[in-house]
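Visitor: fold the stuff below for me.
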Amino acid sequence: MTAEPGDRRVPRRWLAAGTVVAGVAVLAAGPVTAAAATTSDPSASTSASTSTPSPTDAPVPTLSATEVPVPTPSPTEVPVPTPAPAPVPGVPVPSPGPTAPGTAPVRPPHFGTPPPKRAHPHRKPWPVTVTVQTVPTLPGLRLSWDGQVATTDGRGQVHFTAEHNFNRHALRLLDTGRSGDQVRYRFVRWAGQRDPMQAYRTEVDGLPQREAYTVTAAFSVQYPVSASIVDQNGVPVPPSRISGITLRDSTGEDVAFPVGGQVWLDGQVPVYRNSALEMRTEVYSLQRVMVQGTNTVNVGEQSLRPADRTPVVFRARFYDLTVVAHDALFRKSADGTARVRFPDGSVRLVALGPGRSVTLRELPRGVYTVDLVGNGTAVPSLVTLSRSATVDVTVATTWDLVTLALIGFGLALGLVVFGRGRHRTLRTVLATGRWTGSLATGAVRPVTRPLLRALRGRGPGTAAGAAVPGVPPGIGEGPAGPEP
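Guide: Below you'll find the predicted structure:
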């Protein structure tokens with residue numbers, strides 16, 4: 001049973017405790033009280049024993065020790081704590097006023113987890129170290145942590161130590177590269193910097209210092225590379241003939257390679273893969289070696305590794321082209337000057353030699369157009385030079401043209417003569433109706449008889465039996481001979 005404000009009832013546990021205490025007190029005081037009464041008045045005991053009880057005297061009940069009434073203590077007020085009022089947004093909480101001397105200060109109300117009254121007696125601030133590691137190892141590299149400049153040691157490390165805190169810190173790379181005679185280093189990315197959007201920046205902010213961890217600064221390693229170009233026979237190609245060289249790295253990006261010079265290429269590149277940073281050896285593939293407007297290499301067939309640091313030699317493809325010519329009619333060798341058009345549009349004129357041919361050496365592979373000038377009209381020939389080849393140019397010379405003209409004139413004259421003789425034979429047949437000369441052999445018979453029938457009216461548009469002007473009656477009506 002719990003006492004409530006204004007309730008006068010005493011809790012039952014209080015009554016039980018009071019009863020036990022009173023009983024113990026009575027038992028301790030009972031024998032002492034009885035002995036004192038006996039020794040103080042002996043006559044009273046004698047008279048009491050000899051006297052006769054009157055009828056009006058009533059027996060007085062005797063209470064046992066356990067039945068002694070216990071005075072009921074007055075109930076007291078039990079204070080009930082009143083909760084502090086909730087803070088109202090926008091209303092400031094009044095600060096406690098000055099306290100009187102000798103009294104404890106009044107603490108303002110606190111909501112949520114109460115703050116500690118004092119620091120932990122056994123716990124002290126502990127140091128936290130952030131380590132920056134360079135990959136590959138680069139001693140003497142300068143970095144700054146919140147403006148504090150430090151230099152990497154012989155292991156390529158630098159340590160920034162401070163007490164545990166919840167601040168946000170900034171890390172900056174002051175030296176973004178390093179150059180040497182045979183090797184160069186170029187900053188590429190961070191690893192362990194917490195924010196992936198700042199992986200490729202030279203300055204990273206928002207870094208914590210609540211526990212020890214490592215941030216890695218990764219660099220690519222570059223080497224100087226120069227290359228020479230030779231043909232399929234190993235003969236060096238002069239750089240003046242080469243207009244450009246193109247390589248392609250592992251990311252698919254084209255890299256221009258200087259002709260006859262030196263270039264710095266990445267030999268090792270840091271790659272972040274499977275939550276780990278590793279150095280990958282870079283490989284470049286040869287895409288183009290341009291000579292006179294055509295590519296003289298197969299794409300991706302040759303490659304180089306700058307990290308190998310070995311001499312680089314690329315093989316280009318060059319072939320020989322032989323030009324011969326012949327006339328169109330008699331197929332005899334023709335002389336003149338060969339005109340060769342290169343893939344870049346340039347033209348080269350080469351005179352045919354005593355053997356009515358000429359050979360052009362070390363031409364880059366590609367598509368060429370060849371014809372002949374100076375002796376008639378030539379038909380251009382298109383040749384794809386993928387190996388040494390010979391092209392035969394057909395030329396219409398002056399004698400060919402004269403011969404063709406004579407042949408044409410003879411054909412025309414023959415047609416005229418043959419046409420007049422055939423016309424005269426037909427007129428004779430129509431006038432006499434007799435088969436004479438070559439007509440008797442049947443050469444004209446298949447044509448003559450249908451013609452006469454048509455003229456006699458057996459064809460469309462002519463009445464039957466009608467006379468034909470210039471044709472005597474009875475011609476063409478004889479018995480028909482066999483027709484083929």
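
Visitor: just after the least confident helix or strand in the chain by mean pLDDT, pick out the following helix or strand.
Guide: Across the helices and strands of the chain, mean confidence by mean pLDDT, DSSP states H and E is lowest for helix 42-50: a mean of 38. For helix 42-50, the following helix or strand on the C-terminal side (DSSP states H and E) is strand 127-135.

Visitor: partners of whichever helix or strand comes after that next one, with directions?
Guide: Using DSSP H and E, the helix or strand that follows strand 127-135 in sequence is strand 142-145. Sheet pairing of strand 142-145 (DSSP bridges) gives strand 148-151 (antiparallel), strand 165-173 (antiparallel).

Visitor: pLDDT on the last one, on average?
Guide: Looking at strand 165-173 alone, the average pLDDT works out to 93.

Visitor: the spatially closest residue to N167 that is not a sequence neighbour pairs with what?
Guide: Excluding the flanking residues, the one nearest N167 by C-beta to C-beta, 6 or more residues apart in numbering is Q209, at 6.8 Å. Yep, even glycine has a C-beta here, placed from its N, CA and C like the rest. Under DSSP bridges, the beta-bridge partners of Q209 are N165.

Visitor: can I get the strands paired with strand 142-145 in TSV including distance to V313 and mean neighbour count?
Guide: Formatted as TSV, these follow (distance: least, C-beta to C-beta, whole Å; neighbours: other C-beta atoms under 10 Å):
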stretch	distance to V313	mean neighbour count
strand 148-151	42	12
strand 165-173	38	14
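
Visitor: for those strands, give me CSV that also has distance to F219.
Guide: Below are the strands paired with strand 142-145 laid out as CSV (distance: least, C-beta to C-beta, whole Å):
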stretch, distance to F219
strand 148-151, 16
strand 165-173, 10
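
Visitor: right, and these - which one's nearest E253?
Guide: Proximity to E253 (C-beta to C-beta) singles out strand 165-173 among these, at 24.2 Å.

Visitor: now the element after that closest one, going C-ward?
Guide: Strand 165-173 is succeeded, C-terminally, by strand 177-179 (DSSP H and E).

Visitor: count the neighbours of Y368 for me.
Guide: A count of neighbours around Y368, defined by other C-beta atoms under 10 Å, yields 23.

Visitor: which ones are touching the closest residue in space to it that isn't next to it in sequence?
Guide: With C-beta to C-beta, 6+ apart as the criterion, Y368 has its nearest non-adjacent residue at 5.3 Å, and that residue is V383. Applying C-beta atoms under 8 Å, 6 or more residues apart in numbering, we find V383 in contact with L321, V367, Y368, T369, V370, A389, V391.

Visitor: I'd say the fifth one and S381 touch.
Guide: I take that to be V370. Yes. With contacts defined as C-beta atoms under 8 Å, V370 counts as touching S381 at a distance of 5.0 Å.

Visitor: these two - which one has more neighbours?
Guide: V370 (21 against 16).

Visitor: now the more buried one, what are its backbone angles?
Guide: phi -130, psi 130 (degrees, to the nearest 10).

Visitor: picking that back up, looking at the contacts of V383, state which has the most neighbours.
Guide: Y368 (23 neighbours).

Visitor: need the contact list for that residue.
Guide: L321, V340, R341, F342, P343, L382, V383, T384, L385.
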